[in-house]
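> output the structure for:
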Amino acid sequence: RTPVAQSPASWGSRRECVAKQNSNTKQKGGALSSQELFASQLKPAKPVDTAATAATAAPYCCCTMSFHHLLVGRLQRFGSSSMDSCLRSALPSALMLRGEQRRCYGAEMPLPENKEPVPVKPGLLNSVFGPHTNQATKPLNRWTMVAPAFMTHLCIGSPYAWSLVSHKISREIGFFEPTAQDWTLGESTLPLSLVFITQGVGAALAGKWQIKVGPRMAVFAGALTFGGGLMLGGLGVATHQLWLLYGGYGLIAGSALGFAYTPPIQALMQWFPDRRGLASGLTISGFGSAALVFTPAFGHLCKMFERVPEYVGPTNQVQTVLRDGQLFADIGGQLKQVIEATSADVARLGGDLAEGLYVCGTGSTGAGPALAVLGSAYFAIMLGSALALRTPPAGYTVGTPAPSTQQQQQQTAVAKPKEEYVSLDTVMKVPQFYMLSSLFFCMAAGGVGMISVAKTMMAEVFGGALPDYVSPAFTSTFVLMLASGNLAGRLGWALVLDKLGPKKTFALFTMGSVPLYLAVPYLVSSVVAQPSLPLLFGFCGVTTLAVSCMGATYALLPAYEAHLFGTKYTGAIHGRTLLASSAAALAGPSILLYLRQMAERDSVSKLLKTVDPERFQATFGAPMSDAYRLLENKALTISKLTSIAPPGTLDLTPFVYDQAMFAMAGLMAVASVANLMITKVDKKYITTA
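Numbers count the residues shown, from 1 in each chain. Predicted coordinates:
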């Protein structure tokens, strides 16, 4: 031990003290140095009289007066115990005593100037959302915790309605239809992929941080990043800066999903240890139902901020020039690109629009300001959820009220039953983790791919066959139907899981998804061959069921993980599993759009064989050899090409998604096989504590 400086009031120096003790021990073998004297006391000693030993040992020890009394007490308790055991058992306790003056060799020693460490006052943020605020301090009804968990997911689940936004921003310049300056469908749907990619990566990286700070701070961080990300994304749309949209909405808002996705799930599962499937389903049902709130709110805000482009005049009264499929008109001595609003466009958009030509880039769909307003609203909601969210107090059990603080202190001494779990560092070595990740990837890829293009797919596939029914309002309703299926799958399958268990439940909806995706091409061809509302509603029902299976996967996977790996690290483990969702968010839409593009090019190639080159030149202002360049510039579409083809030529637009649906069915089959391969975790990976 480092010697303590002596007080001026000390009755003698250390050397004088040692000399006195040596004089008492001459008869036992001569004088000893201080080091030898202390070392001799650590050797096993013969049983001695308690009082005599205490009287002899007291002057030898450099310790506090409290240590002296503690030593005597220990000797009286253990009687003939050796000096070695007494010193070793008493020393740690004595060294932990605070607030008393030390006495060394009988001298009182002054404490340092700072007797007690000055407590560091936490900042405002830490005092409100710090780790010490997570645990409930008074009895709570566990059902009250459902609301903040649900509302958090209700906010961060709004990307499920991104097809509404992508449909708007893909014609921000053209307003009525996309132009060459507008973002492509792939560019418009990529923010959704970036959101889920960032969610998985963020959740995996922030797993240990979430455990350290608790759910309140994690949700607050999610509120800042999600609200701020939507505002930046809205600014990117308004200024037509794609990088700002990707950075704000895709990366910053996406990181919020990584911060705030798993903590509410784990917190609610701790309140419902008897019904983990229900707790997980209730929380993530907010994620699935977010589109039900976002769709009408976004549509209403877009109407508020919508700005019609500058009107030029009727088409037959304005002199135009056709270049590479794009129309230009001389306006005020400048050649500006214009777009024609047909009677169908006027009927589709409504309002006081007139048929004719409009200047491109002078209007706005209102998508940018709408995103910014929703970002501020989501921030306020998530902030309130972070303030309300709590975890159960120590000793919480189902069916009994939360214990008071005094009861918690009494329960700390009671031994808890041993818990079996797979640690966060070990789970990456467990085969079941990769089986779950494969299952998750396949189910998420199919569902996210369909959701990303839902509104566009409905308009392209059925807009030509049933134009009187498939209006913008109907396509928005279709998105709401998918959101309802997403929500129903999260709640309905959660009840099934509590009865059948995770593996059987996952087997039902993974195997059931295969025929659902295979049925989509059949229904499309049937509607094209014989347009009818029952077939259209059948398509809506099949796709809604398919999305419900994806929603069930997101909702029930934490319960499946808790069943396999234990509940201790469910949140952090699920964060790593979300990496599969990140890969699926990129792969699903990419596979679907790639197969759609290939089908579109194949359809154009077939139609070009039937089109007259001179008529093509007159319609598009370019030779037929430039057809694929015009296709990339969005000046040429399958429908426009069909209009100049020989009479009776079938419009192939509705069939561009057939190959994508077959690919999605294959992914569902892989998911079902992965689920069948999942077995109980080997005991060598399990930790018992």
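> C-alpha from now on. contacts and neighbour counts both.
Noted.
> list the buried residues in the helix ranked longest in the chain.
Longest helix in the chain, counting residues (DSSP state H): helix 570-608. Of the residues in helix 570-608, 570-593, 595-596, 599-601, 603-604, 607-608 count as buried by neighbour count, 16 or more other Cα atoms under 10 Å.
> show the subsequent helix or strand relative to it.
Along the chain past helix 570-608, the next helix or strand (assigned with DSSP states H and E) turns out to be helix 613-620.
> got the contact list for that following helix?
With contact meaning Cα atoms under 8 Å, 6 or more residues apart in numbering, helix 613-620 is reached by 322-326, 622-624, 635-636, 644.
> recalculate using a threshold of 7 Å.
Residues from elsewhere that reach helix 613-620, judged by Cα atoms under 7 Å, 6 or more residues apart in numbering: 324-325, 623-624.
> reformat those as CSV; add pLDDT, distance to Gly228 and neighbour count.
Putting the contacts of helix 613-620 into CSV (pLDDT from 0 to 100; distance: Cα to Cα, whole Å; neighbours: other Cα atoms under 10 Å) gives the following:
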residue, pLDDT, distance to Gly228, neighbour count
Asp324, 73, 40, 18
Gly325, 72, 39, 22
Pro623, 85, 48, 15
Met624, 87, 47, 18
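> out of those residues, the closest to Ala380 would be?
Using Cα to Cα, Gly325 comes nearest to Ala380 of the contacts of helix 613-620, at 46.7 Å.
> any idea how far the nearest residue to the closest one once chain neighbours are set aside is from Ala635?
The shortest distance from Gly325 to any non-neighbouring residue, by Cα to Cα, 6 or more residues apart in numbering, is to Phe620 (4.5 Å). Taking Cα to Cα, to the nearest Å as the measure, Phe620 falls 8 Å from Ala635.
> okay, and the common contacts of those two?
Gly325.
> low pLDDT regions in the stretch 51-200 of the chain?
51-122 (pLDDT under 70).
> where along this structure do the strands fall?
62-64, 102-104, 107-109, 311-313, 320-323, 326-331, 334-341, 356-359, 420-421, 687-688 (DSSP state E).
> can you redo these as TSV with distance to Ile265 and mean neighbour count?
Output for these, formatted as TSV (distance: least, Cα to Cα, whole Å; neighbours: other Cα atoms under 10 Å):
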stretch	distance to Ile265	mean neighbour count
strand 62-64	51	19
strand 102-104	51	22
strand 107-109	55	18
strand 311-313	52	17
strand 320-323	56	16
strand 326-331	51	19
strand 334-341	49	19
strand 356-359	50	24
strand 420-421	18	18
strand 687-688	23	12
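> wait, which of the ones you listed is closest to Leu564?
Per Cα to Cα, nearest to Leu564 of the strands of the chain: strand 420-421, 8.4 Å.
> pLDDT of the closest one, averaged?
Average pLDDT, strand 420-421: 84.
> elements contacting it?
With contacts taken as 3 or more Cα pairs under 7 Å, 6 or more residues apart in numbering; DSSP states H and E, strand 420-421 sits against strand 687-688.
> for the strand it packs on, packing partners?
When contacts are defined as 3+ Cα pairs under 7 Å, 6+ apart, strand 687-688 sits against strand 420-421.
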